[in-house]
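[1] what follows is a predicted structure for the sequence shown.
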Protein chains: 2
Amino acid sequence: MSSERQAAEEPGGPAPTPRGAAFLLTQLGTHAADRFAVRVAELGLTPPDIGLLRTIATRPGRSQRALAADLGVVPSRVVALIDRLDGKGLVERRRSTEDRRNHELYLSAEGGRVLGEVRGIAAAHEDDILSALDDGQRAELTELLGLVAAQQGLAPGIHPGYRNLPGGQGS
Amino acid sequence: MSSERQAAEEPGGPAPTPRGAAFLLTQLGTHAADRFAVRVAELGLTPPDIGLLRTIATRPGRSQRALAADLGVVPSRVVALIDRLDGKGLVERRRSTEDRRNHELYLSAEGGRVLGEVRGIAAAHEDDILSALDDGQRAELTELLGLVAAQQGLAPGIHPGYRNLPGGQGS
DNA sequence: TATTGTTATACTCTATAACTATA
DNA sequence: TATAGTTATAGAGTATAACAATA
């Protein structure tokens, strides 16, 4: 926040709150995540569920271990997440015939259908969040965010929220 | 995500992961929050701590109840957060002389000093996150994010992460 | 002996509800 | 009776470590 003003030197009013781009990013990122969570909750799903469905759809037949590595979470957490989706009939575990220790993960037909619904929800969500901007501004914003994400080393489509870090407020 | 492609119709490769602006926002927002958390951890503070320090600095002398309302959290949570900061000597609770039920909240001298350090950290954080962009692009991004934040009704400087919503992955 | 998936356990964060003191 | 702050408790989420089956 190179343009941030200091509190003690403002006699007229107290400390300004940060409005730098980094703060705006976390503020808007949390807001967008919250809104999306509300939307997919109507399907009985949580945002982590969605991430799993997407990842399995992208590369079907992989093991739970490999999925855990992709997402950057511990294997035991994948167990609990898959249990949920398996119980809902959205994901199937199939014992590998090559190595019977492995579970190959696949989306069920119903899982594929639900993921299609999620795509519709995501599109509506995008329109909602960006409703302040016209098409040109949306393209501009998307390009700038893409540049930042690439430079910061964020894997396309993998949400860093699967990682384990302290806190949660951010600036 | 109006430009999102469908998985089943891509024979060459499996489902693409979302790259719309809304997904980029949550991805980058979470990433920026994580990075900031790591930075302030060196001061022994968490991101929620920072938000409290900032809010108290902005409007000193207010009650815990009022602070809870500002941040959108339950009063009992403010108790725990202030306990932390009080124990570190950064915040002072003073019994109101007008209504002895109230605790007026103030930053200690040390608290003000630490908040100054946080401003430096926030500036370095901003430079880090935006290092992919030149000055013109940073201004452009900040303006676009400001438009979106205003339209979405986000209060300047108040982090929505203080709210209580399900999930955490977002799109 | 090493690896996959699982279970058992503990820890952190946060909300709800009951309680104390002041009004 | 109502309100400010506090304490006690419970629930969700997630990690670590021990375990069983398979290699």
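    Received, thanks. Since we're looking at a predicted model, the values are computed, not measured.
[2] what about A:S76, how many residues nearby?
    When neighbours are counted by other Cβ atoms under 10 Å in any protein chain shown, A:S76 registers 10. The C-beta positions use only the backbone N, C-alpha and C, and glycine is treated the same way.
[3] tell me which element it falls in.
    Assigned by DSSP states H and E, A:S76 falls within helix A:75-87.
[4] and chain A, which residues reach DNA strand D?
    Remark: the part of chain A in contact with DNA strand D comprises A:46, A:48, A:73-74, A:76-77, A:80, A:99-101, A:161-164, using Cβ under 7 Å from any atom of the strand.
[5] which of those residues ranks first by neighbour count?
    These, ranked by neighbours (other Cβ under 10 Å): first place A:G161, 26 neighbours.
[6] my read: it touches A:A33, true?
    Yes. In this structure, A:G161 is within contact of A:A33 by Cβ atoms under 8 Å, at 7.5 Å.
[7] re earlier: give me the buried stretch members for the helix or strand following the helix holding A:S76, please.
    Past helix A:75-87, heading to the C-terminal end, the next element that is a helix or strand (DSSP H and E) is strand A:91-95. Neighbour-count burial for strand A:91-95, counted by 16 or more other Cβ atoms under 10 Å in any protein chain shown, picks out A:V91, A:E92.
[8] what is strand A:91-95 packed up against?
    For strand A:91-95, the packing partners by 3 or more Cβ pairs under 8 Å, 6 or more residues apart in numbering or on different chains; DSSP states H and E come out as helix A:47-58, helix A:75-87, strand A:103-107.
[9] let's see that with 10 Å instead.
    Packing contacts for strand A:91-95, counted by 3 or more Cβ pairs under 10 Å, 6 or more residues apart in numbering or on different chains; DSSP states H and E, involve helix A:47-58, helix A:75-87, strand A:103-107, helix A:109-129.
[10] got the angle between the longest one and helix A:75-87?
    What it means is helix A:109-129. Computed by axes from the mean of the first three to the mean of the last three Cα atoms, to 10 degrees, the angle separating helix A:109-129 from helix A:75-87 equals 100 degrees.
[11] so which elements touch helix A:109-129?
    In this structure, helix A:109-129 packs against helix A:21-41, helix A:47-58, helix A:75-87, strand A:91-95, strand A:103-107, helix A:135-151, helix B:21-41, with contacts taken as 3+ Cβ pairs under 10 Å, 6+ apart.
[12] quick one: closest of the ones you listed to DNA strand C.
    helix A:75-87 (3.1 Å; Cβ to the nearest atom of the strand).
[13] contacts for the closest one?
    Judged by Cβ atoms under 10 Å, 6 or more residues apart in numbering or on different chains, the contacts made with helix A:75-87 from elsewhere in the structure are A:44-46, A:48-49, A:51-53, A:56, A:63-71, A:73, A:90-93, A:103, A:105, A:107-108, A:111, A:114, A:162, A:164.
[14] in it, what counts as buried?
    Using 16+ other Cβ under 10 Å as the burial criterion, the residues of helix A:75-87 that qualify are A:V78, A:L81, A:I82, A:R84, A:L85, A:D86.
[15] for the residues you listed, which one is nearest chain B?
    Here the nearest of those to chain B, counting by Cβ to the nearest Cβ, is A:L81; it sits at 10.7 Å.
[16] from B:D128, how far off is the residue in chain A positioned nearest to chain B?
    Here the residue of chain A nearest chain B is A:G29; by Cβ to the nearest Cβ that distance is 1.2 Å. In this structure, A:G29 and B:D128 are separated by 16 Å, where distance is defined by Cβ to Cβ, to the nearest Å.
[17] the two: who's more crowded?
    For A:G29 versus B:D128, neighbours defined as other Cβ under 10 Å are more numerous around A:G29 (28 against 14).
[18] buried ones from the contacts of helix A:75-87, can you make that a PyMOL selection?
    Selection of buried members from the contacts of helix A:75-87 for PyMOL, criterion 16+ other Cβ under 10 Å:
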select buried, chain A and resi 45+46+48+49+51+52+53+56+63+64+66+67+68+70+71+73+90+91+92+103+105+107+111+114+162
